[in-house]
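Undergrad: My questions are about this predicted structure, shown below with the sequence.
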Amino acid sequence: MPEPLCYEDIKLIAHVIARDQAVATRKLLTGSNILSVPGLATVLLPSEKGRRCDTCHRLQTDERVLRRCTGCASYWYCDAKCQNTQWRSHHKRICKIYNQFISSPQFQALQAHEKMDSLLLSHMVAQMSATTFPLPTEDDSSQLSTFVSLLPGPIENVVPPPICPISPMPSKELLSALYSRFGNNNFVVHSHLTTFGHGVFPLASRLFNHSCVPNAAAKYTLSPAKTVNMEVIALRDILPDEEICLPYLDPALLQSRHQMFELTYGFKCNCSSCIFLRNLGRMPEPPKDPLEISTLSKQLREYVGIEEHIGLILPSPSMEAISHSLLPVLHESYMGELSETFSRSSHEGQYAIALDVGITLLALYILIYPSNYPQIGMHLLELAKTRWNEAISSDVRGDEETVMKEQVRVFLTFARRVLMVLGPEGDEYGPLQEIQTLEDLLNQ
């Protein structure tokens with residue numbers, strides 16, 4: 001086993017189904033940084049090219065204007081340090097041929113996700129020196145060695161996409177070996193829950209199994225002239241010898257995730273949530289009648305313990321104990337409809353509707369997601385912003401205005417409490433700064 005797999009707070013032990021499991025060697029407190037993993041290779045989404053530095057992935061700002069690579073004019077950098085970092089890493093091996101490659105018929109014929117894989121694989125292979133062909137040895141402790149030790153995906157004889165021509169060109173066998181580990185091991189890289197790229201973080205893939213009720217989550221930090229760094233954070237206290245798990249997919253994908261696990265990852269999830277949902281069978285669809293929908297929403301808020309106001313702590317209801325009449329709230333379409341209505345109503349200034357639906361959506365998030373999951377904190381912030389916009393756009397004064405602003409303060413308090421568990425991450429200005437701005441306005 002490579003040396004990097006041994007850490008003070010984590011140990012790998014046998015698992016009855018999976019390859020191994022990472023368990024805590026001591027009690028890990030809520031918010032603890034369990035592990036930091038630098039990216040072996042990353043690639044930006046096409047929509048982020050020119051907006052973010054291709055090395056550190058920080059956003060362009062008025063003070064930090066990105067500069068194009070003078071060689072290919074297709075990569076952007078904060079400054080010479082970022083450019084030099086990526087030049088030494090891999091760009092010098094693809095710069096001259098990059099534009100010709102992405103304009104080629106074989107690349108243009110790829111689907112969007114295949115193009116992302118092609119460029120990510122190109123970055124990875126370009127980083128590999130000729131001495132690592134065909135593959136690093138088993139006793140090598142490098143990230144690349146850890147990556148090739150990962151289990152391949154469930155699809156056999158997977159055909160890799162074309163890559164940017166690199167000299168010397170790796171063998172087809174090497175490309176297949178690398179690419180077969182992409183789908184079930186790579187990560188979506190995000191800032192404040194907004195995806196901006198894909199990345200390879202071998203040690204995290206090697207250590208952490210999946211759970212739909214995870215006790216940890218990954219965040220990404222961005223630093224000048226450095227690759228993206230993943231930090232694995234404890235969402236709650238983790239006891240000694242307890243397995244540390246991450247979510248491979250959004251836990252809110254209550255129906256579609258089962259097929260995705262089998263097709264992409266090659267396993268059946270046996271967490272408490274999945275076992276409960278499988279035993280239920282086909283989930284009843286939410287009602288169409290507005291009155292029935294209203295009744296269902298009221299029942300959900302009552303069960304979770306959030307009606308018009310939030311108490312001193314966020315409740316922790318059991319999804320497995322809900323009544324049969326509440327099962328339609330677990331249909332994926334119910335959350336989708338709530339999210340769409342909340343977003344539309346809030347942006348259109350229909351604040352009463354937005355707040356009513358938003359509270360129901362908060363109840364659903366609390367029911368489905370584990371405690372301190374970042375989506376809960378982000379939604380609490382959106383509720384605070386919606387209530388604040390209602391307060392400043394209305395003519396209410398006196399006690400009514402005081403009550404509205406106090407509700408804003410409550411939403412912000414809970415939002416901060418949840419989001420501080422994950423801590424600062426991603427781009428410089430994020431939800432924690434938004435919370436501070438709103439709190440400053442409330443205190444004026």
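TA: Good, I have the coordinates.
Undergrad: buried sites along stretch 175-189?
TA: 175, 177-187, 189 (16 or more other C-beta atoms under 10 Å). C-betas here are computed from N, CA, C, even on glycine.
Undergrad: What's the end-to-end length of that stretch?
TA: End-to-end span of stretch 175-189 (C-alpha to C-alpha, to the nearest Å): 23 Å.
Undergrad: again, but for stretch 144-153
TA: 17 Å.
Undergrad: for that stretch, the distance to its chain's centre please.
TA: Computed by C-alpha atoms, centre = their mean, to the nearest Å, the chain-centroid distance of stretch 144-153 equals 21 Å.
Undergrad: Mind listing what's buried along that stretch?
TA: Applying 16+ other C-beta under 10 Å to stretch 144-153 flags 144, 145, 146, 147, 148, 149, 150, 152, 153 as buried.
Undergrad: Please report phi then psi for the second one.
TA: The reference is to residue 145. Main-chain torsions, residue 145, degrees, to the nearest 10: phi -60, psi -40.
Undergrad: picking that back up, and the buried residues of stretch 144-153, which two are the farthest apart?
TA: 145 and 153 (19.1 Å; C-beta to C-beta).
Undergrad: Of the buried residues of stretch 175-189, which belong to helices?
TA: In this view, the buried residues of stretch 175-189 that belong to helices under DSSP state H are 175, 177, 178, 179.
Undergrad: For the third one, give me its contacts.
TA: In this case it means residue 178. Shown in contact with residue 178 (C-beta atoms under 8 Å, 6 or more residues apart in numbering): 121, 124, 125, 147, 148, 160.
Undergrad: could you give the mean pLDDT of the host helix or strand of the third one?
TA: Secondary structure assignment for residue 125, by DSSP states H and E: helix 112-127. Average pLDDT, helix 112-127: 96.
Undergrad: what's the answer for stretch 416-433, then?
TA: On average, stretch 416-433 scores 96.
Undergrad: just stretch 436-444 next, same as before
TA: Mean predicted lDDT for stretch 436-444 stands at 93.
Undergrad: same thing with stretch 236-243?
TA: According to the model, stretch 236-243 has a mean pLDDT of 97.
Undergrad: tell me which residues in that stretch are buried?
TA: Within stretch 236-243, the residues scored as buried using 16+ other C-beta under 10 Å are 236, 238, 243.
Undergrad: show me the contacts for the closest residue to the second one other than its chain neighbours.
TA: Looking back up the chat, that one is residue 238. Closest residue to residue 238 apart from its sequence neighbours, by C-beta to C-beta, 6 or more residues apart in numbering: residue 28 at 4.2 Å. Residue 28 makes contact with 9, 34, 234, 237, 238, 244, according to C-beta under 8 Å, 6+ apart.
Undergrad: mind redoing it with 10 Å?
TA: Neighbouring residues of residue 28 by C-beta atoms under 10 Å, 6 or more residues apart in numbering: 9-10, 34, 215-216, 233-234, 236-240, 242, 244.
Undergrad: Please apply the same query to residue 407.
TA: So residue 407 contacts 308, 309, 310, 355, 383, 384, 387, 388, 390, 391 (C-beta under 10 Å, 6+ apart).
Undergrad: Beyond the longest helix seen in the chain, next helix or strand please.
TA: For the chain, the longest helix by residue count, based on DSSP H, is helix 399-422. Next in sequence after helix 399-422, counting helices and strands by DSSP H and E, comes helix 431-442.
Undergrad: number of nearby residues for residue 194?
TA: By the measure other C-beta atoms under 10 Å, the count of residues near residue 194 is 10.
Undergrad: so the closest residue to it other than its chain neighbours bridges to which residues?
TA: Leaving aside its sequence neighbours, residue 194 sits nearest to residue 426 (C-beta to C-beta, 6+ apart; 8.0 Å). When bridges are called by DSSP bridges, residue 426 pairs up with residue 221.
Undergrad: Test my guess that residue 426 contacts residue 223.
TA: No - taking contacts as C-beta atoms under 10 Å, residue 426 lies outside contact range of residue 223: 11.7 Å.
Undergrad: So which of those two has more stuff around it?
TA: Shown here are residue 426 and residue 223; by other C-beta under 10 Å, residue 426 has more neighbours (23 against 11).
Undergrad: residue contacts, that one?
TA: Residue 426 neighbours (C-beta under 10 Å, 6+ apart): 57-59, 189-194, 196, 219-222, 228.
Undergrad: Can you tell me which of the buried residues of stretch 175-189 is nearest residue 408?
TA: residue 189 (32.0 Å).
Undergrad: Could you pull up the residues touching that closest one?
TA: 39, 42-45, 57, 195-199, 201, 218, 220, 222, 228, 230, 426.
Undergrad: Tell me the pLDDT of it.
TA: 98.
Undergrad: What's opposite it in the beta bridge?
TA: Beta bridges link residue 189 to residue 197, judged by DSSP bridges.
Undergrad: Buried members of the contacts of residue 407 into PyMOL, please.
TA: For the buried members of those, the matching PyMOL selection, counting by 16+ other C-beta under 10 Å, is:
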select buried, resi 310+355+383+384+387+388+390+391
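Undergrad: Format the contacts of residue 407 as JSON lines; extra columns: pLDDT, distance to residue 67 and secondary structure.
TA: Below are the contacts of residue 407 laid out as JSON lines (pLDDT from 0 to 100; distance: C-beta to C-beta, whole Å; DSSP: H, G, I helix; E, B strand; the rest coil):
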{"residue": "308", "pLDDT": "66", "distance to residue 67": "53", "secondary structure": "coil"}
{"residue": "309", "pLDDT": "68", "distance to residue 67": "51", "secondary structure": "coil"}
{"residue": "310", "pLDDT": "76", "distance to residue 67": "47", "secondary structure": "coil"}
{"residue": "355", "pLDDT": "95", "distance to residue 67": "45", "secondary structure": "helix"}
{"residue": "383", "pLDDT": "97", "distance to residue 67": "40", "secondary structure": "helix"}
{"residue": "384", "pLDDT": "97", "distance to residue 67": "38", "secondary structure": "helix"}
{"residue": "387", "pLDDT": "94", "distance to residue 67": "42", "secondary structure": "helix"}
{"residue": "388", "pLDDT": "94", "distance to residue 67": "38", "secondary structure": "helix"}
{"residue": "390", "pLDDT": "91", "distance to residue 67": "43", "secondary structure": "helix"}
{"residue": "391", "pLDDT": "87", "distance to residue 67": "44", "secondary structure": "helix"}
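Undergrad: Next up, the contacts around residue 413.
TA: Each residue near residue 413 by C-beta under 10 Å, 6+ apart is listed here: 310, 380, 384, 435, 439.
Undergrad: show me what contacts the residue nearest to the last one when sequence neighbours are not counted?
TA: With sequence-adjacent residues excluded and distances taken as C-beta to C-beta, 6+ apart, residue 439 is closest to residue 412, at 5.9 Å. Under the criterion of C-beta under 10 Å, 6+ apart, the contact partners of residue 412 comprise 380-381, 383-385, 387-388, 434-436, 438-439, 442.
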